[in-house]
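A.B. asks: the following block contains a protein sequence and its predicted model.
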Amino acid sequence: ETGVTQSPTHLIKTRGQQVTLRCSSQSGHNTVSWYQQALGQGPQFIFQYYREEENGRGNFPPRFSGLQFPNYSSELNVNALELDDSALYLCASSLDLARMETQYFGPGTRLLVL
Amino acid sequence: DQQVKQNSPSLSVQEGRISILNCDYTNSMFDYFLWYKKYPAEGPTFLISISSIKDKNEDGRFTVFLNKSAKHLSLHIVPSQPGDSAVYFCAASANYNQGGKLIFGQGTELSVKP
């Protein structure tokens, strides 16, 4: 049973603003990955955190940044929002880097940039 | 560049018949492949996976076939049930069990008619 939660569920921002999205991993999971899913597309990997350190990054500009906290909850921050940032943002947690088949996704945060 | 492609955006099948969802990939470094199912307003849910050292994996009504020479995989669902109606994503990874990022296809929306 997945215990990954994300907040908020929906968000509307205007171009140029900054946004912070939050993810609470399933208990005991030390690895979290963030994905962006644009309408009609599959999720695209943004970055991954393992034990509070970034462990890989996809093709996203530096204005996409993240944090993982000691309790393994996580944040995704996006600065200088652009219209194309409108998407569903998904986080996924797993027990460990070596247990990625147990990766569980949260329901996502839907961001609309106007 | 789209390294993982699902060329059929939608598929409609009668209840009780077989559903076959297809996926092609281009990166020969991928060593692990997964299928996810996604319902509206929920995150993707892991369905079944296959390692590149195998050519078939079964789990109940779900079977995944991998053809490495053709860089093609398929998901067979038999018999299909109305509850299987969802968007299906295939995903691939290199070094997955060392935290390798997932590369997703665009998804295929399956509709199973009663």
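C.D. replies: The structure has been received and is ready for your questions.
A.B. asks: can you pull the pLDDT of B:Asp1?
C.D. replies: Looking at B:Asp1, its pLDDT reads 68.
A.B. asks: cool, the one 10 residues further on as well?
C.D. replies: Per-residue confidence at B:Leu11 stands at 97 (pLDDT).
A.B. asks: tell me the contacts of it?
C.D. replies: By CB atoms under 8 Å, 6 or more residues apart in numbering or on different chains, the contact set of B:Leu11 is B:19-21, B:108-111. From N, CA and C alone the C-beta is placed, and that goes for glycine too.
A.B. asks: ok, 6 Å please
C.D. replies: Neighbouring residues of B:Leu11 by CB atoms under 6 Å, 6 or more residues apart in numbering or on different chains: B:108, B:110.
A.B. asks: so it, which state does it fall into?
C.D. replies: Three-state assignment for B:Leu11 (DSSP: H, G, I helix; E, B strand; the rest coil): strand.
A.B. asks: give me the distance between it and B:Glu109.
C.D. replies: Distance, B:Leu11 to B:Glu109, by CB to CB, to the nearest Å: 7 Å.
A.B. asks: okay, and B:Lys54 sits in which element?
C.D. replies: If you go by DSSP states H and E, B:Lys54 is not part of any helix or strand.
A.B. asks: ok, it to A:Arg22 distance?
C.D. replies: From B:Lys54 across to A:Arg22, the span is 38 Å (CB to CB).
A.B. asks: neighbour-wise, which of these two wins?
C.D. replies: Shown here are B:Lys54 and A:Arg22; by other CB atoms under 10 Å in any protein chain shown, A:Arg22 has more neighbours (16 against 13).
A.B. asks: around the residue nearest to B:Gly105 when sequence neighbours are not counted, count how many other residues there are.
C.D. replies: In space, and not counting its chain neighbours, B:Gly105 is closest to B:Gln6: 3.8 Å by CB to CB, 6 or more residues apart in numbering or on different chains. By the measure other CB under 10 Å, the count of residues near B:Gln6 is 20.
A.B. asks: wait, isn't B:Gln6 in contact with B:Thr108?
C.D. replies: Yes - counting by CB atoms under 6 Å, B:Gln6 sits close enough to B:Thr108 to count as a contact (5.0 Å).
A.B. asks: what residues does chain B put near chain A?
C.D. replies: B:42-44, B:49, B:89, B:96-99, B:101, B:104-107 (CB under 6 Å from any CB of the partner chain).
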